[in-house]
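Asks: from the sequence below, what's the structure:
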Amino acid sequence: MTEASVTPHGPQFAGDPFTPPPADRITRFTDWLRAHTPVWAGPLAALACIGGALSYTQLADPANVGADATPTCLVKMLTGFDCPGCGGTRAAWYLMQGDLPAAARHHIMFVFAVPFLIYMYVAWAGNTTFKWKLPQLKIGPKHIAFFLAAWGVFMVLRNLPWAPFTYFFV
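Replies: Down below sits the predicted model:
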């Protein structure tokens, strides 16, 4: 076995003919940016995006607009069926108003996911920024597959044209 030396690009073995190419301008810039960005910038940027989306939802009042309002759902406009995300914006609006039953009626899968998403953000931001020791949720591929399958079943059931499934048709 040959003697190995560690370089910034991985282990380099004696006599190894491969030499990694020098870093290009974009790689050097992103490496510099990563080294000089404060740890709180990522959580703050994510919070700003979430705040912007919630502010837009609050101002747009999606619960009192027609299906032809801009922006609209192309799937619903072209097929008449609710897509997997149809009702999510209205569910968020109703959650901000504190109306849990109306939010669940518009998109129960979104309402189910919101507490988990909030906890995941708080744990990530707290651990990153303040060095809190909040446990991260362990969401594996099986959990994601189960949630996506349930979401798919929900999407199909909400488009069935008879009761009780018409309750979720928005």
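Asks: mind listing the strands for the protein?
Replies: For the chain, strands defined by DSSP state E occupy the ranges 4-7, 10-13.
Asks: could I get the average pLDDT for the last one?
Replies: If I follow you right, that is strand 10-13. Strand 10-13 carries an average pLDDT of 59.
Asks: ok, the residue nearest to V122 when sequence neighbours are not counted - contacts?
Replies: In space, and not counting its chain neighbours, V122 is closest to L134: 7.0 Å by C-beta to C-beta, 6 or more residues apart in numbering. Using the backbone N, CA and C atoms, a C-beta is placed for each residue, glycine as well. Contacts for L134 (C-beta atoms under 8 Å, 6 or more residues apart in numbering) come out as 122-123, 126-127.
Asks: closest one of those residues to F165?
Replies: Among the contacts of L134, V122 lies closest to F165 (C-beta to C-beta), at 34.9 Å.
Asks: the closest one: how many residues sit nearby?
Replies: By other C-beta atoms under 10 Å, 13 other residues sit near V122.
Asks: same check, this time on P43
Replies: P43 has 18 neighbouring residues, counting by other C-beta under 10 Å.
Asks: distance of it from G126?
Replies: To G126, P43 is 9 Å away according to C-beta to C-beta, to the nearest Å.
Asks: perfect, that will be all.
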